[in-house]
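*Asks:* Kindly generate the corresponding structure for this input.
(one chain, ligands or ions: 1)
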Amino acid sequence: MRLDKYLSEMNVASRSVLKQMIRKGAVLVNGIPVKKPETKVEPGSDEILAAGEIIAYHETEYWMLHKPAGVVTATRDNREKTVMDLLPKVRRADLAPVGRLDKDTEGLLLITNDGALAHRLLAPKKHVDKIYYAEVEGRVTDVTVQHMQQGVDIGDETLTAPAALRILESGEKSRVEITITEGRYHQIKRMFEAEGMRVVYLKRLSMGPLQLDPELAPGDCRLLTEDEYAIFTHNEG
Ligand code: URA
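*Replies:* Numbering: from 1, shown residues only. Predicted coordinates:
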């Protein structure tokens with residue numbers, strides 16, 4: 001692979017800036033400055049150092065982000081801060097979030113360039129469970145549980161697929177855990193609206209077998225561990 005392509009895929013800088021860096025001798029391959037951007041390098045065996053950092057190469061990358069409220073789930077946005085702004089600068093350039101959380105929703109977001117995995121997780125037919133913790137204005141009762149189980153009319157062509165609702169606390173303000181298998185626009189908020197209630201706080205806890213790491217503070221991210229990657233990819237196959 002060309003040296004400038006390697007560095008560009010790993011998002012080190014734009015292609016034109018990279019060419020300048022390389023020509024100035026600021027990029028070392030196995031400890032030696034290499035001044036030609038087209039120099040061939042071997043990902044995984046050559047050591048590439050740019051701007052004082054070793055730049056590892058991954059063909060696929062899987063990031064777990066604890067999305068905080070206030071950032072939008074998009075790869076770019078002209079006005080708003082996006083989830084991509086929370087990742088380290090040096091990472092693959094072609095990453096994208098898997099599915100979408102609302103701007104005010106927190107919690108687990110997977111960001112990857114593995115399009116096949118993203119597709120398997122998002123395809124409606126796969127019915128991947130997504131578990132959310134929600135705080136709701138209104139009294140959630142067993143009737144609400146039944147309605148969610150039966151499917152709710154949220155104004156779409158079809159009712160929502162059965163959702164499992166677990167009441168953690170019921171009162172004027174209730175706390176629940178809800179498992180959905182679809183990913184419709186504002187789905188959980190609209191499901192509670194259909195029941196005459198308002199979601200005031202929403203956090204995704206899991207997606208399929210992948211759980212939000214409780215050690216990860218809002219706004220923090222990390223690569224998936226080998227174990228998470230293995231369970232995640234095997235279970236979803
Ligand atoms: N349901 C919602 O209403 N919002 C989200 O962000 C996710 C699910």
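*Asks:* what residues does this structure put near the ligand?
*Replies:* 101-102, 105, 186-189, 202 (Cβ under 6 Å from any ligand atom). C-beta coordinates here come from the backbone N, C-alpha and C atoms, glycine included.
*Asks:* and Asp114, what is it in contact with?
*Replies:* 60, 62 (Cβ atoms under 8 Å, 6 or more residues apart in numbering).
*Asks:* Now do it against Tyr62, distance only.
*Replies:* 7 Å (Cβ to Cβ, to the nearest Å).
*Asks:* List the residues that are in contact with both of these two.
*Replies:* With Cβ under 8 Å, 6+ apart, Asp114 and Tyr62 have no common neighbours.
*Asks:* related to what we said a few turns ago, which of the residues of the chain next to the ligand fall within helices?
*Replies:* 187-189 (DSSP state H).
*Asks:* Including distance to Leu165, could the residues of the chain next to the ligand go into JSON lines?
*Replies:* Below are the residues of the chain next to the ligand laid out as JSON lines (distance: Cβ to Cβ, whole Å):
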{"residue": "Leu101", "distance to Leu165": "19"}
{"residue": "Asp102", "distance to Leu165": "19"}
{"residue": "Thr105", "distance to Leu165": "17"}
{"residue": "His186", "distance to Leu165": "17"}
{"residue": "Gln187", "distance to Leu165": "13"}
{"residue": "Ile188", "distance to Leu165": "10"}
{"residue": "Lys189", "distance to Leu165": "14"}
{"residue": "Leu202", "distance to Leu165": "14"}
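*Asks:* burial of Ala230, as a residue count?
*Replies:* For Ala230, the neighbour count with other Cβ atoms under 10 Å is 11.
*Asks:* Surely it is in a helix?
*Replies:* Yes: counting by DSSP: H, G, I helix; E, B strand; the rest coil, Ala230 is part of a helix.
*Asks:* what separates it from the ligand, distance-wise?
*Replies:* Per Cβ to the nearest ligand atom, to the nearest Å, Ala230 is found 27 Å from the ligand.
*Asks:* mind listing what that residue touches?
*Replies:* Neighbours of Ala230 in contact, by Cβ under 8 Å, 6+ apart: none.
*Asks:* Gly219 versus Thr225, what's the distance?
*Replies:* Distance of Thr225 to Gly219, computed by Cβ to Cβ: 20 Å.
*Asks:* Can you show me the helices along this structure?
*Replies:* 3-9, 15-23, 115-122, 142-150, 187-194, 226-236.
*Asks:* Serialize the ones you listed to CSV and add fields for mean pLDDT.
*Replies:* Converted to CSV, these look like this (pLDDT from 0 to 100):
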stretch, mean pLDDT
helix 3-9, 96
helix 15-23, 95
helix 115-122, 92
helix 142-150, 98
helix 187-194, 98
helix 226-236, 78
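*Asks:* can those go into a markdown table with extra columns for distance to Arg166?
*Replies:* Output for the helices of the chain, formatted as a markdown table (distance: least, Cβ to Cβ, whole Å):
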| stretch | distance to Arg166 |
| --- | --- |
| helix 3-9 | 43 |
| helix 15-23 | 50 |
| helix 115-122 | 23 |
| helix 142-150 | 8 |
| helix 187-194 | 13 |
| helix 226-236 | 22 |
